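Engineer: need a structure here:
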Amino acid sequence: MYYLLILAVAVERLAELVVAQRNARWSFRQGGKEFGRRHYGVMVVLHSALLVGCAVEPWALHRPFIPWLGWPMVALLALCQGLRWWCITSLGKRWNTRVIVLPHAPLVVRGPYRFMHHPNYVAVVVEGFALPMVHTAWLTAVTFTVANAILLSVRLRVENSVLGYT
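Structural biologist: Modelled structure (predicted):
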């Protein structure tokens, strides 16, 4: 069942990429400008490696499913998916996996953006820990969390700068 969960997350990520590519084309037609392009490839590799680690570590290191840990992690994953898609629908055509800014467009302050600047990253951070921990893949969870923190420090600097957050 765990491998089906990983597959479901991978399919969801592919769906996100389809939406993101469609939205990127729209944004560029509206005069959008991309920032932080250099770190985008690293982000793709890191998120792909998360899925690989989630699949390999439990198999290779014989990590067990521990119900008192695994089921709460599944619940966290479900909450993360809800938050992620709330972000996507709140931003509409402006949502993207890349940093594309439309000239003179006001900041979005609806949905979860009423409460914080970057709610999608809350979902990413929690999911990056919860998905591997469903099946006690703690090496993957820790490695992704640390690498993602480094990546997010770069990504957030770029986004905060272009969005006018200081």
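
Engineer: which stretches of the protein aren't confidently modelled?
Structural biologist: 166 (pLDDT under 70).

Engineer: how does it look with 90?
Structural biologist: Confidence mapping of the chain against pLDDT under 90 gives the ranges 104, 164-166.

Engineer: Correct me if wrong, but Tyr165 is in a helix.
Structural biologist: No - per DSSP: H, G, I helix; E, B strand; the rest coil, Tyr165 lies outside any helix segment and is coil.

Engineer: ok, it touching His117?
Structural biologist: Yes - judged on Cβ atoms under 8 Å, Tyr165 makes contact with His117 at a distance of 5.8 Å. (C-beta placed from N, C-alpha, C; glycine too.)

Engineer: When those two are compared, which one has more neighbours?
Structural biologist: Using other Cβ atoms under 10 Å as the criterion, Tyr165 and His117 rank with His117 on top: 14 against 11.

Engineer: Does anything pack onto the host helix or strand of Val146? Which helices or strands?
Structural biologist: Using DSSP states H and E, Val146 maps to helix 138-163. Under the contact criterion of 3 or more Cβ pairs under 8 Å, 6 or more residues apart in numbering; DSSP states H and E, helix 138-163 touches strand 33-35, helix 37-60, strand 99-101, helix 119-133.

Engineer: could you redo the last one with a cut-off of 6 Å?
Structural biologist: For helix 138-163, the packing partners by 3 or more Cβ pairs under 6 Å, 6 or more residues apart in numbering; DSSP states H and E come out as helix 37-60, strand 99-101, helix 119-133.

Engineer: Need the nearest residue in space to Gly53, chain neighbours excluded.
Structural biologist: Nearest residue to Gly53 in three dimensions, chain neighbours excluded: Thr140, at 3.4 Å (Cβ to Cβ, 6 or more residues apart in numbering).

Engineer: before we move on, what about Pro103?
Structural biologist: Pro103 sits nearest to Gly31 (Cβ to Cβ, 6+ apart), 5.2 Å away.

Engineer: Equivalent analysis for Val124, please.
Structural biologist: Of all residues not flanking Val124 in the chain, Asn148 sits nearest, at 7.0 Å (Cβ to Cβ, 6+ apart).

Engineer: ditto for Trp95
Structural biologist: Of all residues not flanking Trp95 in the chain, Ile88 sits nearest, at 4.7 Å (Cβ to Cβ, 6+ apart).

Engineer: which SSE is that neighbour in?
Structural biologist: Using DSSP H and E, Ile88 falls in helix 67-91.

Engineer: I'd like the distance from that helix to the chain centre, please.
Structural biologist: Here helix 67-91 is found 11 Å from its chain centre; the criterion is Cα atoms, centre = their mean, to the nearest Å.
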